[in-house]
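>>> Dropping the sequence and predicted coords here.
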Amino acid sequence: MKTHLLGAVAACALGLAACATTADRAADAAALADEAAADAAAAAGEAAAPAVGEQPATAEGATAFIAGAETELAKISEYQQRVAWTRATNITFDTMWLEAKINAQVTELQVQLANEAARFNDVEVPADVRRKLNLLRLGIVLPAPNRPGAAAELAEITTRLDSTYSTGKFEFKGKEITLDDANVLIAESRDPAETKALYEGWRTISPVMKPDYARMVEIANEGSRELGFADTGAMWRAGYDMPPDDFAKETDRLWEQVKPFYVNLHCYVRARLNAKYGDAVQPKTGPIRADLLGNMWSQQWGNIYDVVAPATGGQSSYDLTKLLTDADYDATKMVQTGEGFYKSLGLAPLPQTFWERSQIVRPRDREVVCHASAWDVDNLEDVRIKMCTQVNADDFYTVHHELGHNYYQRAYKDQPMLFRNGANDGFHEAIGDFIGLSALTPTYLNQIGLLKTTPGADEDIPFLLKMALDKIAFLPFGLMVDRWRWGVFSGETTPDQYNAAWNADMLKYQGLVAPGPRPADAFDPGAKYHVPAAVPYTRYFLAAIYQFQFQRAACKMEGWTGPLHRCSTYGNTEVGQRFNAMLEMGQSKPWPEAMQAFTGETGNDATAIIDYFAPLNAWLTEQNRGKDCGWSET
Ligand SMILES: [Zn+2]
């Protein structure tokens, strides 16, 4: 979805690789979507956007305008969500047609409201009204300018970009494969010729996107300037209760806090890859070859745990997937277990409608979108998840994650419509990830009877290494996607520099290089879903930091004295109470106040990550002794 309506965003587990693609949408369905979108856009053009009515530029006028806007948004949002749910759980030409039509209408309404909100820029209004006026201006990811035809051109381009990505295929070993196939192959292959072919093959789908992408940037920038922002990147950075430039500096500061640890992990992994593949494939010094890390974008490295596991004692004494199957879990029991965690914190059970209306397993008779996502269909009680749940360790984590969105959504349902959202966009992802940190501990698995005895301290390093390969390896990637886009939106990076700048950011932040020279027409950023789909990415970087802040604070609250990575907050109602106090605030206050309500802290702080991984960092330092760590950033 290009447009998301405040408070009504279907949120998905993007921190996880599982959510990083829409390629499970069938190819012909995506081609249909293209056609349906064009058709519906034409139909939408005929229907005028609902009018909110002109209000005088006074404080009373602003209050009345906001009241009208919230009523309109609540109404159209519920309609949009029901259509979107219908499409996602039953993909046909008609459901796509309906979704494209309502999305175009919602965009028109959002642009209209954002422009009307600007009329009150110089009017003195109460603080909550000012906050809502600002949220209206910030509520559109890609704003179309007001001139006739612009919204339609933008919609056409974004639909085409999305379809190109979703239907992307390339030839591998004489067979045409999809991204889904490629993701599995690159995770499992330990042949550098194969991983190189997969890395380069997937990136053949994106050069065609480049002219569309450049045009999209032009149009969205024009729309952003009409709303009073320097460019679209500045608009994206404006959603954090501080000036856009300060926010960029703040993310730099956070990165500097965790960078030494990342460099340590990079150094250790590079040495193990060198030992396995030799100098010709992975040299002992310099950047790591990006295709060797088990992930198409090298954003999480957990898939190559077998390559980098400690030489001795690297095995866990239990396998979560096996524990689940041995205990006869089915998909519903997985979800009930996730709900059980939130209930144990003193939060209310999910409503009966959750169980009646969610999609918990893949239906056998129709095309659906299988990516895990959490929905808030009526912005009140009608919360649901949409998953194709399997009984395994990954989905065990995912259900705990997704229900975090649902519990957040329900907690802020009594806020005014414009405040029904996460404190900032990093919070929504961090809630379920925080619960997920507990859910993965042997402590919790023991608490819910899956594990008879908890393993000793000798399993700490393997556990933490596995976590770090996903959570720490992700940090520079979580940062660099929008670093690249901010440069593109500001004009600092011109279309002829798109690919060089992307690969330069990969080197600078991640310390990675492509497995070979990139072709002159390459557009590698287009091969990452969130770029063609225009989903801002810094939220995942923030979420990766917040979840550890939440974990550290919660464990302190419950008086936990052991290592943080063994702390489970399951069953602690005091933690639950403070947690809920934060959740209930939604987006009604600047995010530091929400952070404080739960953690007592008022800022972003990456030291919680350092605390959590301290034993691993010490171990890595030991392993890296005598090695020349780091890489040249240019
Ligand atoms: Zn999520």
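Noted; the coordinates are in hand. Residues are numbered from 1 along each chain as shown.

>>> avg pLDDT for whichever strand or helix holds E99?
For E99, the host element (DSSP states H and E) is helix 93-118. For helix 93-118, mean pLDDT is 87.

>>> and A275, how many neighbours does it have?
13 (other CB atoms under 10 Å). Every C-beta, even on glycine, is put in place using the N, C-alpha and C of the backbone.

>>> got it, and the one 5 residues further on?
The local packing count at A280 equals 7, with neighbours defined by other CB under 10 Å.

>>> need the contact list for it.
Listed by CB atoms under 8 Å, 6 or more residues apart in numbering, the contact set of A280 is empty.

>>> Repeat that for the one 5 residues further on.
With contacts taken as CB under 8 Å, 6+ apart, T285 has the following neighbours: D628, W631.

>>> Start the count at 121 instead of 1 going forward.
Sure, I'll start numbering at 121, so the last one becomes T405.

>>> in a strand, that's where it is, yeah?
No - T405 is assigned coil when assessed by DSSP: H, G, I helix; E, B strand; the rest coil, not a strand.

>>> State the distance from it to V633.
The gap separating T405 from V633 is 12 Å, by CB to CB, to the nearest Å.

>>> cool, and G598?
Distance from G598 to V633, by CB to CB: 19 Å.

>>> Neighbour count: those two, which is higher?
G598 (25 against 17).

>>> Point out the residues in the stretch 521-670 of the chain that sit beside the ion.
E549 (CB under 5 Å from the ion).

>>> closest point of the stretch 521-670 of the chain to the ion, which residue?
Distances between the stretch 521-670 of the chain and the ion by CB to the ion are smallest at E549, namely 4.8 Å.

>>> do the same with the stretch 271-420 of the chain
Counting by CB to the ion, the stretch 271-420 of the chain gets nearest the ion through Q420, at 14.6 Å.

>>> So that residue sits against A588, correct?
No - Q420 is beyond contact range of A588, at 10.3 Å (criterion: CB atoms under 8 Å).

>>> So for those two, which residue has more residues nearby?
Shown here are Q420 and A588; by other CB under 10 Å, A588 has more neighbours (25 against 20).

>>> Tell me who's in contact with G524.
A494, I551, G552, D553, F554, I555, G556.

>>> And for the residue nearest to the first one when sequence neighbours are not counted, the neighbour number?
Think A494. With CB to CB, 6 or more residues apart in numbering as the criterion, A494 has its nearest non-adjacent residue at 3.4 Å, and that residue is H525. Number of residues near H525 (other CB under 10 Å) recorded here: 26.

>>> Let's verify H525: helix, strand, or coil?
Three-state call for H525 (three-state DSSP): helix.

>>> Does it touch G552 like I think?
Yes - when contacts are counted by CB under 8 Å, H525 is listed as touching G552 (6.1 Å).

>>> Next, the buried residues of the lengthiest helix in the chain.
In the chain, assigned by DSSP state H, the helix with the most residues is helix 364-397. The neighbour-count check on helix 364-397 (16 or more other CB atoms under 10 Å) flags 364, 367-368, 370-371, 374-375, 377-379, 381-394, 396-397 as buried.

>>> ditto for stretch 698-707
Here stretch 698-707 shows R698, F699, N700, M702, L703, E704, M705, G706, Q707 as buried, counting by 16+ other CB under 10 Å.

>>> The residue in the stretch 221-370 of the chain that the ion sits nearest to: neighbouring residues, count only.
The ion sits closest to V261 of the stretch 221-370 of the chain, with a gap of 16.7 Å, by CB to the ion. Residues near V261, counting by other CB under 10 Å, number 20.

>>> so who does the residue nearest to it when sequence neighbours are not counted touch?
Spatial nearest neighbour of V261, excluding adjacent residues (CB to CB, 6+ apart): A654 at 5.7 Å. A654 makes contact with K122, V261, L262, T278, L281, M336, A340, according to CB under 8 Å, 6+ apart.

>>> and what of M336?
Listed by CB under 8 Å, 6+ apart, the contact partners of M336 are L262, L274, I277, T278, L281, A654.

>>> before we move on, back to that, for the residue nearest to V261, helix, strand, or coil?
The three-state label given to A654 by three-state DSSP is coil.

>>> how about it, phi and psi?
Note on A654: backbone dihedrals following degrees, to the nearest 10 are phi 50, psi 50.

>>> swap in the one 10 residues further on?
When read as degrees, to the nearest 10, the backbone of A664 gives phi -70, psi -30.

>>> circling back: out of the contacts of G524, list just those in strands.
Judged by DSSP state E, the subset of the contacts of G524 located in strands is A494.

>>> Which of the contacts of G524 are buried, as a ChimeraX select command?
Typed into ChimeraX, the next command selects the buried ones out of these (criterion: 16+ other CB under 10 Å):
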select :494,551,552,553,554,555,556
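
>>> Show me which pair in the contacts of G524 is furthest apart.
Spatial extent of the contacts of G524 (CB to CB) is set by the pair A494 and F554 at 14.8 Å.
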